[in-house]
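J.: I would like to see how this sequence folds:
(one chain, ligands or ions: 1)
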Amino acid sequence: MTSWKKIPEDSDFSIHNIPFGIFSTPRRTARIGVAIGEEIIDLAALNAIHLLEDFELDPGIFYQPTLNRFIGLGKSVTSKIRNYIQELLMDGSSPLKDHPALFVKQSNATMHLPVEIKDYTDFYSSMEHAINVGKMFRDPENALLPNWKHLPVAYHGRSSSIMISGAKFNRPKGQILGPHQLPVLAATKKLDFELELGFIIGQESNHGQTISTSEAEQYIFGFVLVNDWSARDIQKWEYVPLGPFLGKNFATSISPWIVTSEALETFKIKGPVQDPPVLEYLDISANANFNIDLEVVIRSMSGEIQTITKTNSRHLYWNVRQQLAHHTINGCKINIGDLMATGTISGQEEGSFGSMLELTHDGEKPIRLSGGTTRSFLEDYDSIIMKGSAIDKDKKVGFGEVEGQVLPAL
Ligand code: CA
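T.: Below is the predicted model:
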């Protein structure tokens, strides 16, 4: 499949992708767009020239500041719209060629949070990450707690913490264990990132309803990159016995384009063997992991730019279908726009870990940056940029980036 549109060869937003997002420009209010190459197709404008009229939609649906109403049309509609846009971009005659004003340069657009996120859940589904953290926070001999291989552990985050790529935040303050095992109130000295994927719920469930692993896919609209910023010293003091609280709910950054499940269909892959066997409601034989390359880049105030980790989401022990099945096994209701994140994704080797905590062994082995400075954890004005893409021969489907910057404590 090739396009008449000029798309850079290594673009994340190839004709195979067609991700949805919300953008605005000085002349265009917030509305729905589709990324293609270095541009955005304005769907409100596309509808205004009647190219989407076969779908018989309320025109207002494209002028929304979030995708929630659009997603609410259901996959049977949104998937057809995506296919139709793909067809308009394929080689051959296309009415789009006569309407250059439908295209907006991404560099001229401001991206917004793509959905109104009602609830946010963060899982803990990478075994490598759970073992690394368990060793440092608890007991090296018993890094995994007894429940870990039987259920996808998670905590409820706060949707108010979620910010769009490019947003900055101040280093948080909190209770930290100080001298003589007594707490002090201070700015975190162990500010960290967590490399994660997130999925956006595309269909609501009812109170009391469970979603099986085989039904789960129809409830997932698509995926984003997630950086679950974490304050390790606050987290370590507060997390027992109820889990993460203020060490994690100050900032969570997501990428602006939602890559649909349909675009990732051909990148599905078998996950790790689960031993011991899981309970029947979590059992799944289908390929439910995704072969997505992930990367984290740090940029310092002095301009040092360096890749500090590379990994792949195929390593996740628990897949998204099991996560959703477990989340709803008690009848918990889910809503359109809910964000579920996978938890930090770490590989097995040094250099493939998804957090500074693991990369630097809790600060004991600092990372050396190209300019000669070192990092145990993040410093003020550091930016973290995460990238993700799935590649198969000549086909690339990418997420673009999620970036965030640390400002000094207030
Ligand atoms: Ca996390």
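
J.: can you pull the contacts of the residue lying closest to residue 122 once chain neighbours are set aside?
T.: Excluding the flanking residues, the one nearest residue 122 by Cβ to Cβ, 6 or more residues apart in numbering is residue 341, at 4.6 Å. Every C-beta, even on glycine, is put in place using the N, C-alpha and C of the backbone. Residues in contact with residue 341 (Cβ atoms under 8 Å, 6 or more residues apart in numbering) are 120, 121, 122, 123, 157, 196, 197, 198, 226, 228, 252.

J.: Locate the residue of this structure with the greatest distance from its centre.
T.: Within the chain, residue 180 marks the point farthest from the mean C-alpha position, 39.5 Å out by Cα atoms, centre = their mean.

J.: Now the residue of the stretch 201-350 of the chain found nearest the ion: closest residue in space that isn't a chain neighbour?
T.: Closest residue of the stretch 201-350 of the chain to the ion, Cβ to the ion: residue 228 (3.6 Å). Of all residues beyond its chain neighbours, the one nearest residue 228 is residue 194 (4.0 Å), with distances taken as Cβ to Cβ, 6+ apart.

J.: Tell me, how many residues neighbour the one you found?
T.: 27 (other Cβ atoms under 10 Å).

J.: on that earlier part again, looking at the contacts of residue 341, spot the one nearest the ion.
T.: residue 228 (3.6 Å).

J.: residue contacts, the closest one?
T.: Residue 228 touches 122, 157, 193, 194, 196, 248, 252, 341, 344, counting by Cβ under 8 Å, 6+ apart.

J.: can I get the residues you listed in JSON lines with pLDDT and distance to the ion?
T.: Output for the contacts of residue 228, formatted as JSON lines (pLDDT from 0 to 100; distance: Cβ to the ion, whole Å):
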{"residue": "122", "pLDDT": "98", "distance to the ion": "5"}
{"residue": "157", "pLDDT": "97", "distance to the ion": "8"}
{"residue": "193", "pLDDT": "98", "distance to the ion": "10"}
{"residue": "194", "pLDDT": "98", "distance to the ion": "4"}
{"residue": "196", "pLDDT": "98", "distance to the ion": "6"}
{"residue": "248", "pLDDT": "97", "distance to the ion": "7"}
{"residue": "252", "pLDDT": "98", "distance to the ion": "8"}
{"residue": "341", "pLDDT": "98", "distance to the ion": "6"}
{"residue": "344", "pLDDT": "97", "distance to the ion": "5"}
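
J.: Next, format those residues as TSV and append distance to residue 163 and secondary structure.
T.: Converted to TSV, the contacts of residue 228 look like this (distance: Cβ to Cβ, whole Å; DSSP: H, G, I helix; E, B strand; the rest coil):
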residue	distance to residue 163	secondary structure
122	15	strand
157	13	strand
193	13	coil
194	15	coil
196	15	strand
248	13	coil
252	7	strand
341	14	strand
344	18	coil
